[in-house]
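Asker: Following is a predicted model, sequence given first.
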Amino acid sequence: MGYNINLKIARKKAGYTQKQVADMLGISQNNYSYWEQGKVNINSSYLEQLSKIFDCKVEELLNIDEEEKKKANKTVEEIFDKEFEMIDIIQSDKNKGSYYFNLDYGERFTFIFLLLMSKEELALHKLYLQAQKENVNPLEWYIDGKLPRPKFDNDEQ
C-alpha cells in the first residue's frame, strides 16, 4: 500500500475533506488531490504537518514498518566501519573490483573517492575518521601532535 492510499485513509478517518486539509496546509485542493492520487511526491515539511493534522506518525502515512526503518537508518558506527573497511581494502593487495561490485550505490561513490586519494591522503583521512568516531575534534589531535601536518604538492621541500 502506497503513502497516497494511507493519506486518503488518514484524512477520511480524521473526518476532513481534501479542501479542508489543503486549506490547513495553505495549498490548493488540486495539489493535495495529486498527493492522494500518487501523482506528485509530498515535501517532507508537509508530511510533518499532515501527521499533526491526522494525529498519527509520519511513518504511518508512509507505511514504513520497523524493519524498513532499521534498513534505512544505518548507524554512524556502521558507516565509519564500512569506510575503514574500504580503506583497508585499498591499502591491501586484495581484488578491489570484486569488492566494488558488492557495494551499494552510495558506498561505491565513497570507494571511488577513496581510490583517488594518495597513500598519504588516505592515511590522514583514516586518522581523521578515527578522531570523528571517538568524538574528538581532529584539530585537537593535530595540535597535540597525533595528526601529522598534511603535505601538499605545492609545499616547499
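Answerer: Structure received. Just so you know, these numbers come straight off a predicted model, no measurement behind them.
Asker: what domains does the record give for this structure?
Answerer: Structural domains assigned to the chain are 3-64, 76-143, following automatic domain parsing.
Asker: Save those as TSV, and put in mean pLDDT and mean neighbour count too.
Answerer: C-beta coordinates here come from the backbone N, C-alpha and C atoms, glycine included. Listed next are the domains of the chain as TSV, based on pLDDT from 0 to 100; neighbours: other CB atoms under 10 Å:
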stretch	mean pLDDT	mean neighbour count
domain 3-64	85	15
domain 76-143	84	13
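Asker: Now do the contacts for Lys13.
Answerer: Phe54 (CB atoms under 8 Å, 6 or more residues apart in numbering).
Asker: Which strand or helix spans it?
Answerer: Secondary structure assignment for Lys13, by DSSP states H and E: helix 3-14.
Asker: what does Lys52 give?
Answerer: Lys52 belongs to helix 44-53, assigned by DSSP H and E.
Asker: Kindly report the same for Glu59.
Answerer: Glu59 belongs to helix 58-62, assigned by DSSP H and E.
Asker: Can I get that helix in PDB? Just the C-alpha atoms.
Answerer: Presented in PDB, the C-alpha positions along helix 58-62 are these (Å, rounded to 0.1, in the frame of the first residue of the first chain):
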ATOM      1  CA  VAL A  58       4.800  10.200   9.600                       C
ATOM      2  CA  GLU A  59       5.800   6.500   9.400                       C
ATOM      3  CA  GLU A  60       2.200   5.600   9.400                       C
ATOM      4  CA  LEU A  61       1.400   7.900   6.500                       C
ATOM      5  CA  LEU A  62       4.400   6.400   4.600                       C
END
